[in-house]
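Q: With the input below, show me the fold.
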Amino acid sequence: MGEGRGEGELRKMPGTKDIKRRIRSVISIQQITRAMEMIAVSRLKRAEDRLRSARPYAEKIQELMESLAPSLPRIDHPLLVKREVKHIGLVLITSDKGLCGGYNANVISQATRFINEHSDKEVRLILIGRKGYDLFRRKTCPIDHTLLQISKEISLQEVKEISGVIVKGFQETRYDEVDLIYTRFQSAVATQPTVMKLLPLESSEVLKKGSEIKGEPIFEPTAEEIMAYLLPKYLEAQIYKGMVESVASEQGARMVSMKSASENAEEMISNLTLSFNKARQASITKELLEVTTGAEALRFAQGKK
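A: Residues are numbered from 1 along each chain as shown. Okay, here's the model as predicted:
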């Protein structure tokens, strides 16, 4: 019984050729994941450099907007019009590729919650990134505009394209409010899906600080002229910052994901190598048993003669 069970276990073990083929396959995948990890590290560094450059610009525009805040009630500008919110334009930034852990799933989940929370209003989508488009094209929310792939350097033309769609939609009353959902970058392992209100600007959190300023500064030229020039720049700065933050978050998530995949591949190779050694040892043991059994049978036959 014991010998029969042992022989059965030997027959069930995968052959050394199969295991070697699996090891080669895992090694090939590991080489790919390591290469992708190194590429993500390089792109993350560039994205962090862009982010360090973008944040001071956006912050300086915020300071200017705060200084103009006390004059807002008297400024007549199309982007400051506050209406009853019936139609919302939602700008969603995802990646155009996968293999970046939970990056896309997290930001899409945030967008889905936002849509559900505003189910009593019409939400129209402006999608940046193919992953968001691939999901929401099968949903009921109308899609007004798509930018399926962000260039490596995030060109001003791309920012103006999205900004133009937002401004035109708000001025034509297609949107009563415009929100941006992006992934805020803190570090490669710490990112946060974030909702930011873009329009109308008078309800933005950025401008609330200005209401605390005592007195009113004097502007040259007038506050209206400054605001007319500054509002589009402010909108572009926030869109650009959101895109830069999202790209940095994507590359950080991809770096961590590919590093984890490489480590898992290393563990799998170790386990397969152990299985290969066991299978080879079992094969050698089986051959020795066959040789020994054959020799004993031959001696037994010669003894009977």
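
Q: Would you check how far apart the residue nearest the centre of the chain and Ser95 are?
A: In the chain, the residue lying closest to the centroid (CA atoms, centre = their mean) is Tyr103, at 3.2 Å. Relative to Ser95, Tyr103 is positioned 6 Å away (CB to CB, to the nearest Å). C-beta here means a position set from N, CA and C on the backbone, and glycine is covered the same way.

Q: Would you confirm that Leu90 belongs to a helix?
A: No. Read with DSSP: H, G, I helix; E, B strand; the rest coil, Leu90 is strand and lies in no helix.

Q: That one: neighbour count?
A: By other CB atoms under 10 Å, 24 other residues sit near Leu90.

Q: can you pull the contacts of it?
A: Contacts for Leu90 (CB atoms under 8 Å, 6 or more residues apart in numbering) come out as Ala111, Phe114, Ile115, Val123, Arg124, Leu125, Ile126, Cys141, Val178, Asp179, Ile181.

Q: got CSV for those, with neighbour count, distance to Ala54 and secondary structure too?
A: Putting the contacts of Leu90 into CSV (neighbours: other CB atoms under 10 Å; distance: CB to CB, whole Å; DSSP: H, G, I helix; E, B strand; the rest coil) gives the following:
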residue, neighbour count, distance to Ala54, secondary structure
Ala111, 26, 23, helix
Phe114, 17, 24, helix
Ile115, 19, 28, helix
Val123, 21, 27, strand
Arg124, 18, 27, strand
Leu125, 22, 24, strand
Ile126, 23, 20, strand
Cys141, 16, 29, coil
Val178, 26, 20, strand
Asp179, 19, 20, strand
Ile181, 22, 18, strand
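
Q: quick one: least confident of those residues?
A: Comparing pLDDT over the contacts of Leu90, the lowest score belongs to Cys141 (91).

Q: does that one really touch Arg124, like I thought?
A: Yes. Using CB atoms under 8 Å as the test, Cys141 is close enough to Arg124 to be in contact (7.0 Å).

Q: Give me the below-cutoff pLDDT ranges for the stretch 101-250 of the chain.
A: Along the stretch 101-250 of the chain, segments meeting pLDDT under 70 span 202-220.

Q: now the helices for the stretch 51-200 of the chain?
A: 103-117, 130-136, 156-171 (DSSP state H, counting those that start in this stretch).
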